[in-house]
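Asker: pasting a predicted model and its sequence here:
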Amino acid sequence: GQSLEQPSEVTAVEGAIVQINCTYQTSGFYGLSWYQQHDGGAPTFLSYNALDGLEETGRFSSFLSRSDSYGYLLLQELQMKDSASYFCAVRDETGGFKTIFGAGTRLFVKA
Amino acid sequence: ETGVTQTPRHLVMGMTNKKSLKCEQHLGHNAMYWYKQSAKKPLELMFVYSLEERVENNSVPSRFSPECPNSSHLFLHLHTLQPEDSALYLCASSPGTGSYGYTFGSGTRLTVV
């Protein structure tokens, strides 16, 4: 079957760095995306990796290793407003249109 | 506001009711999607429309019926639902089906009683 695995919950302190991992098992692969969703809000697109390596966007970075079927989202200088759920998603080229999502990681940022 | 607007935000319906969810985007996107989000589960793709044509029906029961009258509007018609259909229904759009970044609406929280 096709699946994405990520931790269900992560807790970190304000100002710290946190890494949210994602491993995937899909029949096709066309890139790994990350989304943020606050309670009651819409999932918001954060980043996309199609090639191996690190992509940096401000306080957020995303990494991909295709050989390991693994990626992570790195959040630096954590702020209280970063408390949210974070989803990894893989674009599965099989069928052409499917993006498969993980179940999400709930991040709690403490003062 | 994300640019994708969903109405209503909350909906409670009986199992014999008929209701519709509405999604609207004015981002100029050509692809629109319906996803189901249940607690602690991955988002489940339901339907994909590209230029108003349905290109994906992900084995969704017939009690869910999508409609895309134009590239800006997407509906999900509901009838004779079951309690297990209670979930958050998310609409998303993207420039094309080949795009990797989706713009989501805030969803409709559906409760079937």
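Answerer: Structure received. Residues are numbered from 1 along each chain as shown, chains lettered A, B, ... in the order given.
Asker: contacts, neighbours, all on C-alpha from now
Answerer: Noted.
Asker: can you list the buried residues in the helix-or-strand element of chain B with minimal mean pLDDT?
Answerer: Sorting the helices and strands of chain B by mean pLDDT, DSSP states H and E puts strand B:53-57 at the bottom, at a mean of 80. Using 16 or more other Cα atoms under 10 Å in any protein chain shown as the test for burial, strand B:53-57 gives B:54-56.
Asker: just those residues that are near chain A?
Answerer: B:Glu56 (Cα under 8 Å from any Cα of the partner chain).
Asker: using TSV, lay out the buried residues of strand B:53-57 together with distance to A:Lys110.
Answerer: Listed next are the buried residues of strand B:53-57 as TSV, based on distance: Cα to Cα, whole Å:
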residue	distance to A:Lys110
B:Arg54	45
B:Val55	44
B:Glu56	42
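Asker: contacting residues around B:Val55?
Answerer: B:47-49 (Cα atoms under 8 Å, 6 or more residues apart in numbering or on different chains).
Asker: same question but for B:Ala87, I mixed them up
Answerer: B:36-39, B:109-111.
Asker: give me that answer again for 6 Å
Answerer: Each residue near B:Ala87 by Cα atoms under 6 Å, 6 or more residues apart in numbering or on different chains is listed here: B:37-38, B:110.
Asker: try B:Phe47
Answerer: Per Cα under 6 Å, 6+ apart, neighbours of B:Phe47: B:33-34, B:56-57.
Asker: element containing it, please.
Answerer: Here B:Phe47 is covered by strand B:44-50, with elements defined by DSSP states H and E.
Asker: and whichever helix or strand comes after the least confident helix or strand of chain B, which strands flank it?
Answerer: Per DSSP H and E, strand B:53-57 leads on to strand B:64-70 as the next helix or strand towards the C-terminus. Its sheet considered, strand B:64-70 pairs with strand B:73-79 (antiparallel) by DSSP bridges.
Asker: next secondary structure element downstream of the strand it pairs with?
Answerer: By DSSP H and E, the next helix or strand past strand B:73-79 is strand B:87-94.
Asker: after that next one comes which helix or strand?
Answerer: Downstream of strand B:87-94 (by DSSP H and E), the next one is strand B:103-104.
Asker: note down every partner strand of that following strand and its orientation.
Answerer: Partners of strand B:103-104 in the sheet, by DSSP bridges, are strand B:87-94 (antiparallel).
Asker: from the contact counts, what lies against the least confident helix or strand in chain A by mean pLDDT?
Answerer: Lowest by mean pLDDT, DSSP H and E among the helices and strands of chain A is strand A:98-101, with a mean of 86. Judged by 3 or more Cα pairs under 6 Å, 6 or more residues apart in numbering or on different chains; DSSP states H and E, strand A:98-101 is in contact with strand A:84-92.
Asker: what does the strand it packs on contact?
Answerer: A:28-38, A:98-102, A:104-107.
Asker: just the mean pLDDT for that strand, thanks.
Answerer: Per-residue pLDDT over strand A:84-92 has a mean of 93.
Asker: now stretch A:47-54
Answerer: In the prediction, stretch A:47-54 has an average pLDDT of 95.
Asker: could you list the low-confidence segments of chain A?
Answerer: A:1, A:93-97 (pLDDT under 70).
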